[in-house]
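K.L.:
Whatever this is, show me its structure:
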Amino acid sequence: MFEQLVGKLPVGIGIVDESFNVVYLNDFFLDRLPHELRKNYKETPVTDLFHGQGKFLKRRLKSVFVLQHPSFSYWEQRPHIFPFKSSRPITGEETQMYQNMEILPVKDKVTGQRYACIFLQDVTAQASYFRAQQKLSEALKKEHEAQRKLIRKLDTAQSQLIQAEKMASTGQLAAGIAHEINNPIGFVNANLNTLGQYASHLISICDGVYSHIENFNDELNEQIEALYQSNHYELLKEDITELIEESTDGLTRVKDIVENLKNFSLENSEGVQTVDICTVCNQLITLISAQYSTPQYKFDCELEKVEVMGNPGPLKQALMNVMINAAQAIDTKGVIKLSVQESGDRVIIKILDSGCGIPAQHLKRVFEPFFTTKPEGQGQGLGLSVAYTAIEQHQGKISISSKEAKGTVVEISIPKQPSHSKVNSPESVIEPSDIVQEEV
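P.N.:
Modelled structure (predicted):
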């Protein structure tokens with residue numbers, strides 16, 4: 001009766017021996033295994049049953065067996081340990097399961113055999129609620145910020161609106177503290193490199209001592225063996241290098257993001273100058289992908305450098321606004337492709353996304369100031385208007401082709417060398433008759 005109860009519990013329960021072979025799985029696990037494995041799962045290594053996360057599971061199980069302490073993994077750290085689906089009880093909708101996992105050490109009182117018991121809890125509903133609350137909180141913050149800015153900016157000139165949009169998109173605060181962030185990143189990175197070298201030397205010393213253990217007397221031999229086992233030397237040796245490498249990689253990614261944000265956000269007072277479009281696009285992809293990780297980003301350019309004469313601030317802002325719109329148009333999964341080509345004395349920039357597209361009735365209004373289809377508080381309707389003005393100041397053209405539920409292509413064409421100093425004039429007026437749009 002107890003075994004039936006455990007088998008029917010709405011949580012996953014699995015038992016693994018010290019060889020990482022599966023001894024028992026309850027119905028929660030069995031129902032989610034392929035049919036051909038359900039009857040013959042016993043004595044099968046857990047890494048074979050769930051090979052996708054085999055390395056992670058083996059590390060956690062080894063830690064439990066060696067240290068004889070529980071191990072926990074929560075969905076915020078690793079959302080999908082096992083490749084399971086979670087079904088909504090009413091709608092039947094299936095989504096990837098968010099999971100909390102706990103591994104406990106257990107011991108057979110009769111045989112003395114040690115096991116690890118895996119408890120797996122489906123927390124998809126809680127995770128969805130938590131994320132919904134996060135989105136709601138962010139939406140409320142954006143709405144409050146938007147209202148505060150609108151009250152201050154309604155009777156300002158268009159140049160002030162452009163600067164306000166830049167502040168909202170790139171984050172002046174982040175640009176201002178980038179230098180302060182880089183200082184601790186620098187010494188932490190140096191310390192990690194030194195720590196890696198120290199760890200390598202210590203491991204070499206320990207391995208050298210162990211290789212000569214047979215030359216010591218029996219008492220000293222036993223003491224050294226006990227010292228290695230009590231401090232779990234093999235586990236430390238296996239994990240320490242990988243942990244240092246993972247920390248170094250993460251620190252490098254943080255450094256790259258901060259550096260790109262600083263370079264992208266800095267205002268330049270020199271006016272018209274040479275702008276490398278390829279560098280700007282690479283910086284832009286780094287920044288946007290850090291904030292919007294759902295789409296897959298691709299940069300297509302056969303040339304190493306594509307230069308134009310222009311004002312870098314407005315050009316960067318225009319491209320960023322278009323890229324943010326593309327990222328926000330993709331809800332769950334999709335692709336954003338940014339390409340740069342030279343065509344005679346002009347540069348063609350295309351931004352393609354596989355998002356929700358633009359309805360035909362809205363296509364002719366997308367460049368109008370304050371026009372937005374986003375919920376109230378989630379957008380001011382200035383992004384494409386600001387982009388159009390910046391491109392027009394550089395004597396360029398911007399066109400949009402879109403089909404609802406299929407995607408959107410934004411094409412920007414700017415001359416490499418403007419014919420006069422119009423790029424210095426931030427007060428250019430948007431003329432609706434000048435807007436070029438196409439519907440696919």
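
K.L.:
which residues in the stretch 301-440 of the chain form helices?
P.N.:
With DSSP state H, counting those that start in this stretch, the ranges of helices along the stretch 301-440 of the chain come out as 312-328, 360-363, 383-393.

K.L.:
could you check the angle helix 312-328 makes with the last one?
P.N.:
Helix 383-393 runs at 140 degrees relative to helix 312-328, counting by axes from the mean of the first three to the mean of the last three C-alpha atoms, to 10 degrees.

K.L.:
Which strands and helices lie in contact with helix 383-393?
P.N.:
Where contact means 3 or more C-beta pairs under 8 Å, 6 or more residues apart in numbering; DSSP states H and E, helix 383-393 is packed against helix 158-170, helix 312-328, strand 397-403. For the C-beta atoms, the positions are set from N, CA and C on the backbone; glycine is no exception.

K.L.:
and it, what's its mean pLDDT?
P.N.:
Per-region confidence: helix 383-393 scores 84 on mean pLDDT.

K.L.:
Over to the first one?
P.N.:
Helix 312-328 comes out with an average pLDDT of 88.

K.L.:
what angle separates it from strand 397-403?
P.N.:
Going by the same axes, to 10 degrees, helix 312-328 makes 0 degrees with strand 397-403.

K.L.:
How far off centre is helix 312-328?
P.N.:
Chain-centre distance of helix 312-328: 19 Å, with C-alpha atoms, centre = their mean, to the nearest Å.

K.L.:
mind showing which ranges of the stretch 201-350 of the chain have poor pLDDT?
P.N.:
The model of the stretch 201-350 of the chain has pLDDT under 70 over residues 257, 259-270.

K.L.:
With the stretch 1-150 of the chain instead?
P.N.:
For the stretch 1-150 of the chain, the stretches with pLDDT under 70 are 1, 89-92.

K.L.:
What segments of it are helices?
P.N.:
With DSSP H, counting those that start in this stretch as the criterion, the stretch 1-150 of the chain has helices at 2-8, 27-30, 35-38, 46-49, 54-67, 124-153.

K.L.:
Give me the contact list for stretch 114-126.
P.N.:
With contact meaning C-beta atoms under 8 Å, 6 or more residues apart in numbering, stretch 114-126 is reached by 10-18, 23, 28-29, 61, 64-65, 75, 81-82, 84, 86, 95, 97-108.

K.L.:
Buried residues in that stretch, which are they?
P.N.:
The neighbour-count check on stretch 114-126 (16 or more other C-beta atoms under 10 Å) flags 115, 116, 117, 118, 119, 120, 121, 122, 123, 124 as buried.

K.L.:
What is the neighbour count of residue 252?
P.N.:
Neighbourhood size, residue 252 [other C-beta atoms under 10 Å]: 12.

K.L.:
how near is it to residue 338?
P.N.:
23 Å (C-beta to C-beta, to the nearest Å).

K.L.:
Quick check: buried residues in the helix or strand hosting residue 286?
P.N.:
Taking DSSP states H and E as the definition, one finds residue 286 inside helix 277-291. The neighbour-count check on helix 277-291 (16+ other C-beta under 10 Å) flags 277, 279, 280, 281, 283, 284, 285, 286, 287, 288, 289 as buried.

K.L.:
any idea how far residue 331 is from residue 124?
P.N.:
Counting by C-beta to C-beta - residue 124 and residue 331 are separated by 18 Å.

K.L.:
go on, residue 238?
P.N.:
From residue 238 to residue 331 the distance is 41 Å (C-beta to C-beta).

K.L.:
again, but for residue 150
P.N.:
As defined by C-beta to C-beta, residue 150 lies at a distance of 27 Å from residue 331.

K.L.:
cool, and residue 67?
P.N.:
On the measure of C-beta to C-beta, residue 67 and residue 331 end up 42 Å apart.

K.L.:
Equivalent analysis for residue 19, please.
P.N.:
Applying C-beta to C-beta to residue 19 and residue 331 gives a distance of 44 Å.

K.L.:
Read off the pLDDT value for residue 440.
P.N.:
Residue 440 is given a pLDDT of 33.

K.L.:
Wait, residue 83 touches residue 51, no?
P.N.:
No. Between residue 83 and residue 51 there is no contact under C-beta atoms under 8 Å: 9.8 Å.

K.L.:
Quick one: neighbours of the residue nearest to residue 274 when sequence neighbours are not counted, just the number.
P.N.:
With sequence-adjacent residues excluded and distances taken as C-beta to C-beta, 6 or more residues apart in numbering, residue 274 is closest to residue 307, at 5.2 Å. Close neighbours of residue 307, defined as other C-beta under 10 Å, add up to 16.

K.L.:
Quick one: distance of stretch 107-117 to the chain centre.
P.N.:
On C-alpha atoms, centre = their mean, the centre of stretch 107-117 falls 41 Å from the chain's centre.
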